[in-house]
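> My questions are about this predicted structure, shown below with the sequence.
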Amino acid sequence: MAKCRNRQGAVLQRQLFQLGRLLVCCVLAITCVILPVQANWLSDIHRSISGDEKAPSLKPLSPAELADYPADYTYERVIAPSHQAPVFVLQAGLEHRDTVVLIHGLGDLASKDWLTVIPTLAKQYHVVAIDLPGFGLSQGAVFTYSPQQYAKVIDWLITQYRHDGQVNLVGHSMGAAISVYYASQYPERIQQLVLVDAAGILDRTAYIKRISTRDNDQADLPQSVRRVLARVDNLADKILEKSGTGFDPTRIFSGDSSLRNMTIGEQTNVNAALALMEQNFSVLSYQAVPPTHIIWGGQDNVAPLRTAYALQHVLPLSRLQVINQAGHVPMKSHPHEFNHMLLASLNAMIEPRQARPQHNSKRMGRCFQDDQSEFSGQYQQIILNDCKLARFDNVDVTHLSITDSIVTVSASRIGTANHSMQITRSVINATDTEILGQMQSDRSRFDFAGVTFYGESPVFVSQASTRLVLSLTRIITPTQSTRLGGSYVLAEQSLESAL
């Protein structure tokens with residue numbers, strides 16, 4: 001009994017610490033957004049109105065700036081015409097025909113993040129790495145550091161530096177998000193795409209929920225404690241979901257580039273992070289994106305692994321590889337394994353995902369108060385009642401009924417054409433999942449990432465008080481295809497009517 005109390009106390013302590021950390025992060029984030037940098041606002045406004053902006057000047061690269069780079073690479077700082085911004089460009093393996101372009105993520109190191117990768121690539125490829133405007137050795141440039149704007153810089157870079165035909169584009173973290181945006185706009189430029197721990201892809205509410213939630217599947221915790229913790233996390237998620245549909249102070253900058261530039265324009269990481277959060281990746285067209293290799297750190301606490309599975313769901317030709325013990329920067333923590341995986345990916349063909357086998361099971365699945373919480377394989381019907389720890393992993397079920405439960409669904413197919421399923425007073429978190437027929441919700445909440453609805457419209461009907469957080473979600477009916485992302489609150493209405 002004493003050990004149980006100690007464990008419960010430790011769990012409660014971790015819960016309070018996690019909640020406190022989340023509140024501190026929120027306060028710091030809002031402070032960074034609201035407080036302006038030290039700048040002469042009147043001078044900025046005067047230059048903007050009078051047209052006295054000076055043309056950018058290029059400072060020569062100094063030995064001190066290149067001290068961390070190998071001496072046998074080629075370096076230059078040039079003007080990117082898309083934004084008249086000074087950009088640092090590194091090249092290696094100039095003797096090779098096929099070009100690999102590397103795009104870094106947030107942080108002051110910029111292209112230095114790739115220094116453990118470039119020597120391996122340069123043995124077979126012409127390698128081009130860039131410091132995005134505002135980062136590293138690229139001199140400051142004041143504009144919105146969004147994936148859309150950075151894609152223009154990348155397009156100039158590829159056009160200017162590629163050796164022959166298409167290139168292989170490799171992006172990490174924010175750079176991976178920029179790369180997938182670029183590939184969706186200019187698929188003809190890319191032979192293969194490699195995404196490494198892509199950040200900012202999920203809806204912001206889904207992302208905050210994920211990083212503020214602990215893993216309750218610890219074997220040393222009794223089921224009664226795990227059920228209580230699941231309820232606590234559910235309450236925290238509910239609060240975060242409400243904030244997702246409320247006032248967001250960061251959106252003040254979305255429609256006013258002048259205000260953004262005068263307040264946070266020179267704070268590169270804040271500027272780029274906010275612009276990344278504002279980009280709705282769910283509405284991009286992924287059908288034309290070239291073959292995509294997805295490499296992820298299994299212990300990534302910055303870009304949750306859930307993002308990788310959601311991307312794999314929407315990318316028609318994609319393959320996911322996970323480095324289990326790696327975090328957000330696998331090329332640094334596990335360089336040998338990462339480099340081997342990257343080279344193999346660049347030389348590999350991607351086969352389409354295999355279709356699910358035909359459903360022919362008569363199996364029944366039931367759960368009451370978590371007497372059976374794990375489900376996998378084929379079922380004719382599953383009924384859940386008061387199950388707070390239910391998990392569907394690779395489930396194919398024809399008929400589903402859920403009441404007063406919390407369910408996590410992954411890599412599954414739910415429902416069947418021309419039939420409906422009932423979800424009552426429950427919470428469903430689904431990733432990489434297909435939903436067939438019609439889903440009916442009564443006072444329930446849903447977090448979907450990489451989910452596709454198939455059926456006759458309406459595919460989702462709220463009977464009362466439903467909240468949805470959608471990332472990379474699609475509705476495909478006989479007459480149309482709709483891409484969805486964001487937070488929705490439904491009364492008595494269909495999801496389609498709220499669009």
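Perfect, I can see it now. Numbers count the residues shown, from 1 in each chain.

> What's the first helix or strand after the one helix or strand Gly415 maps to?
According to DSSP states H and E, Gly415 maps onto strand 413-424. With elements assigned by DSSP H and E, the helix or strand that comes after strand 413-424 is strand 427-442.

> what are the ranges of the helices in the stretch 101-250 of the chain?
If DSSP state H, counting those that start in this stretch is used as the criterion, the helices of the stretch 101-250 of the chain fall at 118-121, 147-161, 174-185, 204-211, 223-244.

> List the buried residues of the second one.
Under the neighbour-count criterion of 16 or more other Cβ atoms under 10 Å, helix 147-161 has 147, 149-151, 153-158, 161 buried. From N, CA and C alone the C-beta is placed, and that goes for glycine too.

> In terms of distance to Arg443, which of those residues ranks first?
The closest of the buried residues of helix 147-161 to Arg443 turns out to be Pro147 (Cβ to Cβ; 36.7 Å).

> By mean pLDDT, show me the worst of the helices of the stretch 101-250 of the chain.
Ranked by mean pLDDT, those end with helix 223-244 at the bottom, a mean of 57.

> And the strands in the stretch 251-400 of the chain, which stretches?
With DSSP state E, counting those that start in this stretch as the criterion, the stretch 251-400 of the chain has strands at 292-297, 318-323, 364-368, 374-385, 390-403.

> Domain map for the chain?
25-54+247-266, 56-203+280-346, 364-498 (automatic domain parsing).

> Out of those, flag the one nearest Pro357.
The nearest among these, by Cβ to Cβ, is domain 364-498 at 8.1 Å.

> end to end, how far does the closest one reach?
Distance across domain 364-498, first residue to last, is 35 Å (Cα to Cα, to the nearest Å).

> Could you count how many residues lie near Arg306?
Per other Cβ atoms under 10 Å, the neighbour tally for Arg306 reads 21.

> I'd say it and Val451 touch.
No. The pair Arg306 and Val451 fails to qualify as a contact (Cβ atoms under 8 Å) at a distance of 11.7 Å.

> Report the set of residues contacting both of those two.
Common contacts of Arg306 and Val451 (Cβ atoms under 8 Å, 6 or more residues apart in numbering): Thr431.

> coming back round to it: which helices and strands sit right next to the strand holding Gly415?
On a contact count with 3 or more Cβ pairs under 8 Å, 6 or more residues apart in numbering; DSSP states H and E, strand 413-424 meets strand 390-403, strand 427-442.

> Determine how far the longest one lies from the middle of the whole chain.
Okay, so that is strand 427-442. Relative to its parent chain, strand 427-442 has a centroid offset of 20 Å by Cα atoms, centre = their mean, to the nearest Å.

> by contact count, what packs against the helix or strand following it?
Sequence-wise, the next helix or strand downstream of strand 427-442 (DSSP H and E) is strand 445-454. The elements that strand 445-454 packs onto, with contact taken as 3+ Cβ pairs under 8 Å, 6+ apart, are helix 204-211, helix 223-244, helix 305-314, strand 427-442, strand 466-476.

> re the thing from before, which one of the strands of the stretch 251-400 of the chain is the most hemmed in?
A comparison of these by mean neighbour count, using mean count of other Cβ atoms under 10 Å, puts strand 292-297 on top with a mean of 25.

> Neighbouring strands of that strand in the sheet, and parallel or not?
According to DSSP bridges, strand 292-297 forms sheet pairs with strand 190-196 (parallel), strand 318-323 (parallel).

> Serialize the ones you listed to TSV and add fields for distance to Ala122.
Putting the strands paired with strand 292-297 into TSV (distance: least, Cβ to Cβ, whole Å) gives the following:
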stretch	distance to Ala122
strand 190-196	16
strand 318-323	22
